[in-house]
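S.K.: Let me see the structure of the following:
(one chain, ligands or ions: 2)
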Amino acid sequence: PRESRVGGIDKARRVLKRVYGYDSFRSGQEDVISSILGRHDTVAIMPTGAGKSLCYQIPALMLAGVMGGPGIGMSIVISPLKSLMRDQVSALQAVGVSASYLNSSLAPEDEARVMADIAHHRVTLLYCAPERLVRRDFRELIAATPVALVAVDEAHCVSQWGHDFRPEYRQIRDFLETCTPRAVVAAFTATATEHVREDIVSALGLRDPAQFKTSFDRPNLWFGTKKLPRRAKDDWIVSFARDHADQSGIVYCASRRETEELADALAQAGINAAAYHAGLPDERRSAVQDAFIDDDIRVIVATNAFGMGIDKPDVRYVLHHNMPSSIEEYYQEAGRAGRDGDPGRCMLLWNDGDVSFRTRQIDNTDREGDMPDADRQMLRTSRHDLLNAMIGYCGTTGCLRASLLGYFGETAPRECGNCSNCDGEFESVDVTREAVQVMRCVQDLGQRVGKGTVASVLHGAQSEAVAKRGYDRAPSYGALRSSSLPFVKDVIAQMVADGYLAVHMSNGAYPVLVFGPRADDAARGDFHYEIKREAAHTGSGGSGRGSGSGW
Ligand code: ADP
Ligand code: ZN
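M.R.: Ligands and ions are numbered 1, 2, ... in the order given. Okay, here's the model as predicted:
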């Protein structure tokens, strides 16, 4: 077999030791590397911090013949992240590997030099931005160069159903035709949902790929969620950073403005903090990043532009000032804590304003790109599903780790003892009766109306809109008259998040409540349902603006 020509896993282990200085592979790495060395197309699903890079770098070194033995060709790594390219390439060069990158940040003369190096077969590993793949000069060069492996990093970017669709990724499939004989293709992602995985296989045109998934559990990370009004979030973060002044941390915010405001607030409290977002000049961004890595800056307050490809192993905490738009995104960002295996804390702060904000973002999908209406509808629905799962995580009363791992398709112990819910840092309210009435009402109204209407019918609203449609004759009309309307809405929102209900787009393209995958459970005699008290409207104005959260 061809494997024996370049060597197998034993040789890979020697490369691991010689080039990187590590003694053993981490779980999952071995399987992926063996598969690539066996020249099989491969899909590897690994959480952030699991060590994806080595999975393609080691085969790349072996396939290029630089570790002794025959060379088959160079390897191309396709990555959307310029900062990752630069950092990985300099790390590789530092250990003597001939690595280069091609992206829009290169000066023309550097670009020409890299192209010449490729032409002379002097490049082992080439990092390359997806936009580059369509360029004719590049394709001509690649057509004349033996390519052994194409590694696609952040492969979920090829899928519309993922959380970070990038149309340029659709060019990869066509680009692969340029490599003759065809290179082995290995796709890497931290997104584990079925839909995305299938899309990766088909959109990249993988050939009968071997698929591997490592556990998403990160036992050294503590997870927490907390619902707080805007101002209280800032105070919480400042006081947390003060209590952990000798540790490095990342705080993620939803907007550039928030990163700057919060970085100022932290600086005023005497904490060495800096903002980081895509609106800052490149030099400023690299300066902040370098200072963070050297511990000259303790806290980075960033938008999601920060972190991909930053390899700082001793980040001790990742705080979220806002709710991300999906669990994938959250887990990827939170996962930047504790890569060294020592304890890390991940706290997600949120409120109804975040839910409204993320919902508005989805509704703005309408302004995104050119696509057929049906696609747009599906894209919106899938983004609502991603967001609902995120909301469910924030509101769940169960173990947070179990909730995360369950989302990634893993079974986990019911209680981890290392999250805010297992620590019992919340009070819950029994809403079994309310939930049963909600289900009845959705049924009464024929699974055809939105959350607001269901809530007001249950609340016994005497509006013309309700009377006109005869909703006031529904058996469940007024069944929750004694609860506040915002409270009923909170119960409904959590039921959607937990899968008792789902939101579908009606033909008229507005969201309606329908039964969810767990609807039958709510009809059982032993049904019992609790939600977090903090998530329930206490009437104190605690959750601030945007209490009519919607989805
Ligand atoms: P990912 O891309 O999956 O988020 P990286 O490839 O950046 O993860 O690896 C995360 C960290 O783990 C890096 O510091 C890397 O050097 C380290 N690492 C990877 N594999 C091993 C290993 N087998 N033994 C020790 N450390 C490893
Ligand atoms: Zn737990």
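S.K.: per-residue confidence for the residue in the stretch 101-250 of the chain positioned nearest to ligand 1?
M.R.: Going by Cβ to the nearest ligand atom, ligand 1 is nearest to A190 of the stretch 101-250 of the chain, at 7.2 Å. (Glycine included, C-beta is placed from N, CA and C.) At A190, the model reports a pLDDT of 87.
S.K.: close enough to count as contact, it and P47?
M.R.: Yes - here A190 reaches P47: they are 5.3 Å apart, a contact under Cβ atoms under 8 Å.
S.K.: shared neighbours, these two?
M.R.: Y331, Q332, G335 (Cβ atoms under 8 Å, 6 or more residues apart in numbering).
S.K.: And for H121, the neighbour number?
M.R.: H121: 14 surrounding residues under other Cβ atoms under 10 Å.
S.K.: Grab the nearest non-local neighbour of H321.
M.R.: Take H321 and drop its neighbours on the chain: the residue closest to it by Cβ to Cβ, 6 or more residues apart in numbering is C253, 4.5 Å away.
S.K.: In contact with the residue of the stretch 101-250 of the chain closest to ligand 1, which residues are there?
M.R.: Residues in contact with A190, defined by Cβ under 8 Å, 6+ apart, are I45, M46, P47, T48, H156, E328, Y331, Q332, G335.
S.K.: now R218
M.R.: Taking Cβ under 8 Å, 6+ apart, we find R218 in contact with P47, G49, G335, G338, G344.
S.K.: Now do it against ligand 2, distance only.
M.R.: Distance, R218 to ligand 2, using Cβ to the ion, to the nearest Å: 12 Å.
S.K.: do A267 as well
M.R.: For A267, the distance to ligand 2 equals 34 Å [Cβ to the ion].
S.K.: which residues sit against the strand or helix carrying that residue?
M.R.: Using DSSP states H and E, A267 maps to helix 256-268. With Cβ under 8 Å, 6+ apart as the test, helix 256-268 has contacts from 234, 237-238, 241, 251, 253, 273-279, 299, 301-303, 321-322.
S.K.: residues in contact with G450?
M.R.: Y510, P511, V512, L513.
S.K.: Can you check my assumption that the third one lies in a helix?
M.R.: No - under DSSP: H, G, I helix; E, B strand; the rest coil, V512 sits outside any helix and is assigned strand.
S.K.: Double-check F408 against F216; I have them as touching.
M.R.: Yes - look at F408 against F216 with Cβ under 8 Å: they come within range, at 4.4 Å.
S.K.: Could you identify the helix or strand that succeeds the helix or strand harbouring A91?
M.R.: Following DSSP H and E, one finds A91 within helix 82-94. Note on helix 82-94: by DSSP H and E, the next helix or strand toward the C-terminus is strand 99-102.
S.K.: Now do whichever helix or strand comes after that following strand: which elements does it pack against?
M.R.: The first helix or strand that comes after strand 99-102 along the chain, using DSSP H and E, is helix 108-119. On a contact count with 3 or more Cβ pairs under 8 Å, 6 or more residues apart in numbering; DSSP states H and E, helix 108-119 meets strand 99-102, helix 136-143.
S.K.: Mind giving me the packing neighbours of the first one?
M.R.: Just to be clear, that refers to strand 99-102. Applying 3+ Cβ pairs under 8 Å, 6+ apart, we find strand 99-102 packed against helix 82-94, helix 108-119, strand 125-128.
S.K.: just the CA coordinates of it, formatted as CSV?
M.R.: C-alpha atoms of strand 99-102 as CSV (Å, rounded to 0.1, in the frame of the first residue of the first chain):
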residue,chain,number,x,y,z
ALA,A,99,6.0,26.8,5.2
SER,A,100,4.5,29.8,3.4
TYR,A,101,1.2,31.6,2.9
LEU,A,102,-0.6,33.4,0.2
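S.K.: quick one: strands adjacent to that strand?
M.R.: Counting by DSSP bridges, the strands paired with strand 99-102 are strand 125-128 (parallel).
S.K.: Pull out the buried residues from the partner strand.
M.R.: Within strand 125-128, the residues that count as buried by 16 or more other Cβ atoms under 10 Å are L125, L126, Y127, C128.
S.K.: so can I have CSV of these showing distance to Y22 and pLDDT?
M.R.: As requested, these are arranged in CSV below (distance: Cβ to Cβ, whole Å; pLDDT from 0 to 100):
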residue, distance to Y22, pLDDT
L125, 18, 96
L126, 24, 97
Y127, 21, 97
C128, 26, 95
